[in-house]
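**Q** Build me a model from this:
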Amino acid sequence: MISALLNKKILIQKGVDTTSAVLSPDIEFTDYMETWAQVYDRASRVTYADSEELIYTTEFTVRYTSKTKLINNKYRIKYDGEYYRILTLNRSSDIIPNQSIKFITERYDT
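**A** So this is what the prediction gives:
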């Protein structure tokens, strides 16, 4: 992994299961870690339901560390004022194993 490509600051937030005032399940997010990442916008698509929704697919690549290896789908990423839901994780690297983690995420705009 080339360190110069990790040029965008992101915030990773951890989701904790809670219950709301009416006892329905809810997720509350707390800050987990701030790190540098490579950001790549893969695609965007439009879905039509009650209203038009733009869905953006974005890849975030970060260093593999003891903190980043614990991240799963209950976490989310905040980048450039927007929130991204983690769909999948890819822990493989090109040459050296356990070098980077790639998050495939979606951001919604309505």
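
**Q** And the residue nearest the centre of the protein?
**A** Ile77 (3.8 Å; CA atoms, centre = their mean).

**Q** list the contacts for that residue?
**A** By CB atoms under 8 Å, 6 or more residues apart in numbering, Ile77 lies in contact with 10-13, 60, 83-84, 86, 103, 105. Using the backbone N, CA and C atoms, a C-beta is placed for each residue, glycine as well.

**Q** how close does Glu106 sit to Phe29?
**A** Glu106 is 16 Å from Phe29, where distance means CB to CB, to the nearest Å.

**Q** What is the neighbour count of Ile101?
**A** By other CB atoms under 10 Å, 20 other residues sit near Ile101.

**Q** In which helix or strand does it reside?
**A** strand 100-109 (DSSP states H and E).

**Q** Next, the buried residues of that strand.
**A** Neighbour-count burial for strand 100-109, counted by 16 or more other CB atoms under 10 Å, picks out 100-103, 105-107.

**Q** can you redo these as a markdown table with distance to Asn90 and pLDDT?
**A** Shown next, in a markdown table, are those (distance: CB to CB, whole Å; pLDDT from 0 to 100):
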| residue | distance to Asn90 | pLDDT |
| --- | --- | --- |
| Ser100 | 9 | 88 |
| Ile101 | 7 | 91 |
| Lys102 | 4 | 92 |
| Phe103 | 8 | 93 |
| Thr105 | 12 | 94 |
| Glu106 | 15 | 93 |
| Arg107 | 18 | 89 |
